[in-house]
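Novice: Need the 3D shape of this:
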Amino acid sequence: MEAPQAVTQGRRLTGEQWLLVFCLLALTALAWLMLLRMARDMSAPGGMADAAMAGMVMPWSPADALLMFAMWGVMMLGMMLPSALPMLLIYQQMLRKRMPSPKRHLALLLFCSAYGLVWVGFALGATALQWALEQLALLSPAMRSSSTALGAGLLLVAGVYQWLPSKAACLEHCRGPLHFLLSYWRPDVLGGWRMGLAHGAYCLGCCWALMGLLFVVGVMNLFWVAVIGAFILLEKNLPQGLWLSRICGVLLIGWSFWLLLG
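Specialist: I've put the predicted structure just below:
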């Protein structure tokens, strides 16, 4: 893989790094298996999608809210863990030189936990937004926008954001793991927690508008979930990632106007 080779600067991965790769890939696979199971349950007779097909806007029960929050949380893990791998490999490599074994494992765990917490917070906000849109009857039974104006607006926001300096700045931090770690390095175990929060914030700043596209194509449309996740991975790791991001922005703006003109 190109990314692991890059982060190790031509060296082979250590045993600890291979273990990290295996764990992240296993978590990603588990997240996708859970998403497949959730999508099947929601589309089953008597599920949330089946109830929505009846044309009734119903308040969520606590179980419904918890299910949707879990769905968003698992989805964020499945989409974002692969793109975080280069950062985690470099951080693990730097910890190996600066901390003894027990402490560096805990620091890495805290980094990962803080990074995940940022996306759990986003999942909570996305769940609340989905609830609001459903109560306003702006989402179809397939959990995508039933309003042309809403769909076009989300596409336009995402497309324009791809060209803004804030997007470029966040993407630069995500594309330069070593630069980020040297700039934001914090010593000791708790430094891993603070650095994980910082990296998660930049990652969220880079990707939040793209995640909003799920309300256009379908929150549980797993094909588009995979497409968006793959695009995020490419824009963070390809040398032409910034221009790939901007080309995507042009396409999204064009899609927005096409949708409005119908």
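
Novice: Show the low-confidence segments of the stretch 1-150 of the chain, by residue range.
Specialist: 1-11, 44-58 (pLDDT under 70).

Novice: 90 instead, please
Specialist: By pLDDT under 90, the low-scoring segments of the stretch 1-150 of the chain are 1-17, 38-64, 96-104, 135, 137, 140-143.

Novice: Would you state the helices of it in chain order?
Specialist: For the stretch 1-150 of the chain, the helices defined by DSSP state H, counting those that start in this stretch occupy 2-7, 15-43, 48-53, 62-98, 101-135, 148-161.

Novice: Can you lay out those helices as TSV showing distance to G212 and mean neighbour count?
Specialist: C-beta: built from backbone N, CA, C; applies to glycine. As requested, the helices of the stretch 1-150 of the chain are exported to TSV (distance: least, Cβ to Cβ, whole Å; neighbours: other Cβ atoms under 10 Å):
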stretch	distance to G212	mean neighbour count
helix 2-7	26	15
helix 15-43	18	15
helix 48-53	20	16
helix 62-98	12	20
helix 101-135	8	18
helix 148-161	5	18
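
Novice: May I see those helices organised as CSV, with distance to L204 added?
Specialist: Shown next, in CSV, are these (distance: least, Cβ to Cβ, whole Å):
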stretch, distance to L204
helix 2-7, 21
helix 15-43, 18
helix 48-53, 27
helix 62-98, 9
helix 101-135, 6
helix 148-161, 13
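
Novice: who wins for proximity to M211 among these?
Specialist: The closest of the helices of the stretch 1-150 of the chain to M211 is helix 101-135. By Cβ to Cβ, the value is 7.0 Å.

Novice: Show me what the closest one is packed up against.
Specialist: In this structure, helix 101-135 packs against helix 62-98, helix 188-212, helix 214-217, with contacts taken as 3 or more Cβ pairs under 8 Å, 6 or more residues apart in numbering; DSSP states H and E.

Novice: Kindly recompute the last result at 6 Å.
Specialist: helix 62-98, helix 188-212 (3 or more Cβ pairs under 6 Å, 6 or more residues apart in numbering; DSSP states H and E).

Novice: Could you export these to CSV, including columns for distance to L259?
Specialist: As requested, the helices and strands packed on helix 101-135 are arranged in CSV below (distance: least, Cβ to Cβ, whole Å):
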stretch, distance to L259
helix 62-98, 24
helix 188-212, 15
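
Novice: looking at those helices, which is closest to L234?
Specialist: helix 62-98 (9.0 Å).

Novice: roughly how far out does that closest one sit from the chain middle?
Specialist: In terms of Cα atoms, centre = their mean, to the nearest Å, the centre of helix 62-98 is found 8 Å from the chain centre.

Novice: angle of that helix against helix 188-212?
Specialist: On the basis of axes from the mean of the first three to the mean of the last three Cα atoms, to 10 degrees, helix 62-98 is oriented at 130 degrees to helix 188-212.

Novice: how much does helix 62-98 deviate in direction from helix 101-135?
Specialist: Helix 62-98 runs at 150 degrees relative to helix 101-135, counting by the same axes, to 10 degrees.

Novice: Among the helices and strands packed on helix 101-135, which comes closest to L233?
Specialist: helix 62-98 (4.7 Å).

Novice: For the closest one, name the packing helices and strands.
Specialist: So helix 62-98, by 3+ Cβ pairs under 6 Å, 6+ apart, packs with helix 2-7, helix 15-43, helix 101-135, helix 177-184, helix 222-237.
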